[in-house]
Structures are given as structure tokens and as C-alpha cells.
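Asker: Predicted model, plus sequence, below.
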Amino acid sequence: MRRMLIIGGGLAAGAAAETLRKEGFDGEVVIVSAEPHAPYQRPPLSKGYLGGAEGEDAVLLHPAAWYAEQGIELRTGVAATTLDPAEHAVELADGTTVGYDAVLLATGARPRTLPLPGHELPGVVTLRTLDDSDALAARLREGGRRLVVIGAGWIGMEVAATARGLGNEVAILERDDVPLSAALGTRMGEVFRALHLDHGVDLRTSVGVDRIVGSDRAEGVVVDGEMLPADLVLIGVGAVPDTRLAETAGLDIDNGILTDASLRSSAPDVYAAGDVANPFHPVLSRRLRSEHWANARSAGRVAARSMLGIPASLDGIPYFYTDQYDLGMELSGYAPLMAEAEVVVRGDVDAREFIAFWMNAGRVVAGMNVNVWNVNKGVQALIRSGRSIDPAKLRDEDVPLDALAA
Ligand code: FAD
């Protein structure tokens, strides 16, 4: 019987397993995950699940019984240690070997570390896993703690918002001049600065963190010579693709596992999907590694089809969302094209109810809707159309987006 092996316990892994069965594959499906949980999604870990508004059912992709019903073997709590593409075999940390006809590497990403003095003290944490979120929740849910977040990226900003909602004091320390400016540019980054300042966060930009101090646990962060007291320090300075298993197989790696648009790696019958993959994007004609929920889901589906020999290609427009306080946002577009783009706004930025469009050579390359809903499909249609658009019409709320894309 043919065996499809999936390494990883995140959304890409879960979506791939689901798709294998939906496409009618009736051979063996085995998922191997280093974490002790059934496959799960991470966005709630910094938002509703961390804050207590959502339970584990919002995190797990399926209850454990679903895997049994689908005839999917779930091996949790055990890491794959080596992959031998010539032998079509993966060795696990428990000493067993699993053979495969095709294997998917969906090993995700790991939080980037910051080798500051004091970073190993208890109370200095990162957030990636369900267990990380539980540990953070245990400290934040009572309220009244002082949280210092190092790095004003998406995860740091989301945790800050949740922690404020739970009644904690929060400071965010950021090296850049404007939070999220690397992702959004300065004008839109300022929207998020104002949001956090309005909610009482001590947000400091253009600062340098010297060290974390404490005797037997973190008690403060020294920033530009000033000591900021802290009960808890969250390091949120990005993630790196977890290519350790791929390295054992000698796969081609450069900022993730290199794949073609069908998510095939450089070794036969070895595929990669989600945060760990750096696929060639056929529309953009360049590599595009994405660290977002929607990408992990689409990539898991595409990889499963490719593993079955069904033609499939990861060619969608990247999509991302965030929720912080009362701000909800969706962003669709091509990050590499946003840096040089001009931002055109429809709506009211000060009221935080608007759509921002990034325009490059007259064309929309990205769009972000903030507290405006049911428009992201229209934004994507505009991007996909590749049409030259009059910025005045983009600004005009009376002109439907669909009409501009048609
Ligand atoms: P992961 O979810 O990282 O899963 C990889 C899994 O593989 C892990 O369980 C890991 O333990 C396992 N693994 C690794 N190596 C091995 C091995 N050798 N053997 C066995 N198992 C292994 N995106 C959004 O678009 N919007 C959001 O609001 C958002 N919020 C987020 C909040 C948080 C706190 C985090 C951490 C991420 C968030 N993201 C968000 C990003 C999104 O969750 C990721 O893009 C997504 O999790 C990637 O899924 P994945 O399956 O590729 O990898």
C-alpha cells in the first residue's frame, strides 16, 4: 500500500492530510509531529486563546477522533531526526524508521533568538507553540503584571494588545523608527503606533536594548541605559524556517527549502509547504516565502495534490490578517513590491476605518482593509487584474472596487 508521510503538526501538515483524503487517496497517511498535540493553527495563540475568550477547539484543526475516522495515523510527541531521500525513509527520535512513497516537510518556523545578556533567565519567553501560549496566559491572565515586549512585529503587537486587555502594564521596545514599518512602510506603521499609544502601551521606537537583568528570574530590561522593570519579557523578533530535517537530506535550502510552484523540493518525492518552504511564485516570477496562516493552508493543499500526481501550483496572492484591540485588518498583496510603492487611501485613517492601496507603476500590488469588511476579494481582484488604475478613483468611496478591476 502506498504511504504518504507528513512531518509537522501545524496548519500546512493538517491541510495536507485533509486534502489527501478529500482527493480520494486510500493508502496510508502518517503524520509525525514533534509537539504533543494534534495539528493546530497558531493565530489564536496571541489573540483569543491567550486572552481566554477562545478554547482549544479554536486552535485544534480537528479533534483527535477525526484522525481515527479518516484512517490517518498520528504520531505526536516525536521528532523526525533524519531524512534519507535515496532510501525513501525518515528516522524518528524514538529510533523507529518510517518509509514513504512521498514525504511532505511542513516543519514550520522557530522564533528567532536574541543573544542579549540575560536572555536565558526564567521569565524571558518567546511565543510559537500552544504550550508557550499556555505558559504566557498563566502569567498574564491575573492582570497587574509588567510585560516588556522586545520587537514591535505582529506577534509582539498582538500579545501587547491581549495583555493590555487582561489588565497588565505593557512596554514595547523597537529598534526601528516606526513599528511594523518593514512590513507596511512608515505611514501605515504609524496607524499601529497610535493604536497602541491610545491603549496605554509604553511604545518606544529607535531604541537599543542593552540587556535583561534579574537574579533568579527576569526583573527588568535595560534600554539605552534606562532600567524598565518587568515581570515577564517577550522576545518577538521574527522567526526562522526550521530546515534542520531538510539539512540532513541535503536538500537545496536558501531562506527555507527551495521548491518549484508545485512545492517539489530538489529531491525526488520530497515536498515542502508552509513557513519552511521558499517556493517559486509563478505570477511574481521570483521566490516568495510567506509566514502566514492562509499560505500554510493553501500550500498544504497544493503539496498534497502534487504528492498524488495531480497538477497543482501555489500561485495565489499572499493574504494576512491581524486583530489588535478593536482593530481588525486584512492585507493581500506582494510584500516584495510594497517597499517602493506609493500608498493611496480610501476612507478615514484617523478613525481607523479605511483601505490602503500600495501602487507600483500605476498598478495595485497590495491592499489593506482596516475595520472595513467584505472588500478583500475586491482588493485581490484589483491586484490580479494588473490594470493601471487612477488613484483618484481608488480614493473615491463611491467607486466600487469590482468596477475598477473589471
Ligand atoms: P507551524 O505551524 O510552525 O508547524 C510546524 C510544526 O512542525 C510544529 O508543530 C513543529 O513542532 C513541527 N516540527 C518541526 N520540526 C519537526 C520534526 N523534525 N519532526 C516532527 N515535527 C516537527 N498568520 C496569519 O496570517 N495571521 C495571524 O494572525 C497569525 N498569528 C500568529 C500568531 C502566532 C502566535 C504565531 C506563532 C503565528 C501566527 N501566524 C499568523 C503565522 C501562522 O501561524 C504560520 O504561518 C503558520 O503556523 C505556519 O504553519 P506551518 O504548518 O507551516 O508551520
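Answerer: Ah, there it is.

Asker: Could you point out the helix or strand that follows the one helix or strand Val103 maps to?
Answerer: Taking DSSP states H and E as the definition, one finds Val103 inside strand 102-105. On the C-terminal side of strand 102-105, the closest following helix or strand by DSSP H and E is strand 109-111.

Asker: does that next one come close to the ligand?
Answerer: Yes. On the criterion Cβ under 6 Å from any ligand atom, strand 109-111 is in touch with the ligand at Ala109. Where C-beta positions appear, they are placed from N, C-alpha and C, glycine not excepted.

Asker: same thing with stretch 171-182?
Answerer: No. Using Cβ under 6 Å from any ligand atom, stretch 171-182 never reaches the ligand; the gap is at least 13.1 Å.

Asker: mind listing what's buried in that stretch?
Answerer: For stretch 171-182, the neighbour count (16 or more other Cβ atoms under 10 Å) marks Ala171, Ile172, Leu173, Glu174, Val178, Pro179, Leu180, Ser181 as buried.

Asker: what's in contact with that stretch?
Answerer: Stretch 171-182 has contacts (Cβ atoms under 8 Å, 6 or more residues apart in numbering) with 146-154, 156-157, 160, 186, 188-190, 192-193, 196, 201-209, 221, 223, 228, 230.

Asker: now do stretch 70-90
Answerer: For stretch 70-90, with Cβ under 8 Å, 6+ apart as the criterion, the contacting residues are 5, 7, 9, 17, 21, 28-38, 64, 67, 91-94, 97-101, 103, 105, 245-246, 248-251, 267-270.

Asker: distance of Ala160 from the ligand?
Answerer: 12 Å (Cβ to the nearest ligand atom, to the nearest Å).

Asker: Skipping its backbone neighbours, what lies nearest that residue in space?
Answerer: Val170 (4.8 Å; Cβ to Cβ, 6 or more residues apart in numbering).

Asker: Kindly report the residues of the stretch 201-350 of the chain close to the ligand.
Answerer: Counting by Cβ under 6 Å from any ligand atom, the stretch 201-350 of the chain sits next to the ligand at 242, 245, 274-276, 291-294, 296, 320-322.

Asker: Any chance of CSV for those residues, columns secondary structure, pLDDT and neighbour count?
Answerer: Output for those, formatted as CSV (DSSP: H, G, I helix; E, B strand; the rest coil; pLDDT from 0 to 100; neighbours: other Cβ atoms under 10 Å):
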residue, secondary structure, pLDDT, neighbour count
Asp242, coil, 98, 21
Leu245, helix, 98, 23
Gly274, helix, 98, 34
Asp275, helix, 98, 28
Val276, helix, 99, 31
Glu291, coil, 96, 19
His292, coil, 96, 19
Trp293, helix, 98, 17
Ala294, helix, 97, 17
Ala296, helix, 98, 28
Phe320, strand, 96, 20
Tyr321, strand, 96, 17
Thr322, strand, 97, 21
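
Asker: Specify which member of the residues you listed is nearest to the ligand.
Answerer: Of all those, the ligand sits closest to Gly274, with 2.1 Å by Cβ to the nearest ligand atom.

Asker: Tell me how many other residues crowd Met1.
Answerer: Met1 has 6 neighbouring residues, counting by other Cβ atoms under 10 Å.

Asker: from memory it sits against Val29, does it?
Answerer: No. Judged on Cβ atoms under 8 Å, Met1 makes no contact with Val29 at a distance of 10.7 Å.

Asker: just to revisit the earlier point, sitting in strands, which of the buried residues of stretch 171-182 do you find?
Answerer: Counting by DSSP state E, the part of the buried residues of stretch 171-182 found in strands is Ala171, Ile172, Leu173.

Asker: ok, whatever residue of the stretch 101-250 of the chain ends up closest to the ligand to Ala296 distance?
Answerer: Nearest residue of the stretch 101-250 of the chain to the ligand: Gly108, at 2.1 Å (Cβ to the nearest ligand atom). Distance, Gly108 to Ala296, by Cβ to Cβ, to the nearest Å: 8 Å.

Asker: Now list whatever residues contact both of those two.
Answerer: Joint contacts of Gly108 and Ala296 (Cβ under 8 Å, 6+ apart) are Gly10, Ala12, Gly274, Asp275.

Asker: and the first one, how many neighbours?
Answerer: Spelled out, that is Gly10. Neighbours around Gly10, by other Cβ under 10 Å: 27.
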